[in-house]
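Asker: Provided below for reference: sequence and predicted model.
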Amino acid sequence: MLACSAPPVGCARWTLNLLGERLVELEVVNSISQELVRQT
């Protein structure tokens with residue numbers, strides 16, 4: 001759902017790093033690797 005939403009201001013699209021950082025900000029996870037974001 002997050003990846004289908006509008007990207008952060010100043011970004012053309014969501015990247016794996018941006019998605020991971022946002023998941024931590026939303027307290028969905030404590031930490032997450034770029035590889036786990038990619039696999040998901």
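Answerer: Structure received.
Asker: hang on, isn't residue 13 packed against residue 5?
Answerer: No: if you go by Cβ atoms under 8 Å, residue 13 and residue 5 don't touch, sitting 10.9 Å apart. (Glycine included, C-beta is placed from N, CA and C.)
Asker: Skipping adjacent residues, who's closest to residue 22 in space?
Answerer: residue 2 (6.2 Å; Cβ to Cβ, 6 or more residues apart in numbering).
Asker: Got the confidence number for the residue most central in space within the chain?
Answerer: Centroid-nearest residue in the chain: residue 19, 0.7 Å away (criterion: Cα atoms, centre = their mean). With respect to pLDDT, residue 19 has a value of 95.
Asker: again, but for the one 3 residues further on
Answerer: Model confidence at residue 22, given as pLDDT, is 94.
Asker: Give the other helices and strands that the helix or strand encompassing it contacts.
Answerer: Under the criterion of DSSP states H and E, residue 22 resides in helix 16-25. With contacts taken as 3 or more Cβ pairs under 8 Å, 6 or more residues apart in numbering; DSSP states H and E, helix 16-25 sits against helix 34-39.
Asker: Can you point out the buried residues in the helix it packs on?
Answerer: Buried residues in helix 34-39, counted by 16 or more other Cβ atoms under 10 Å: residue 37.
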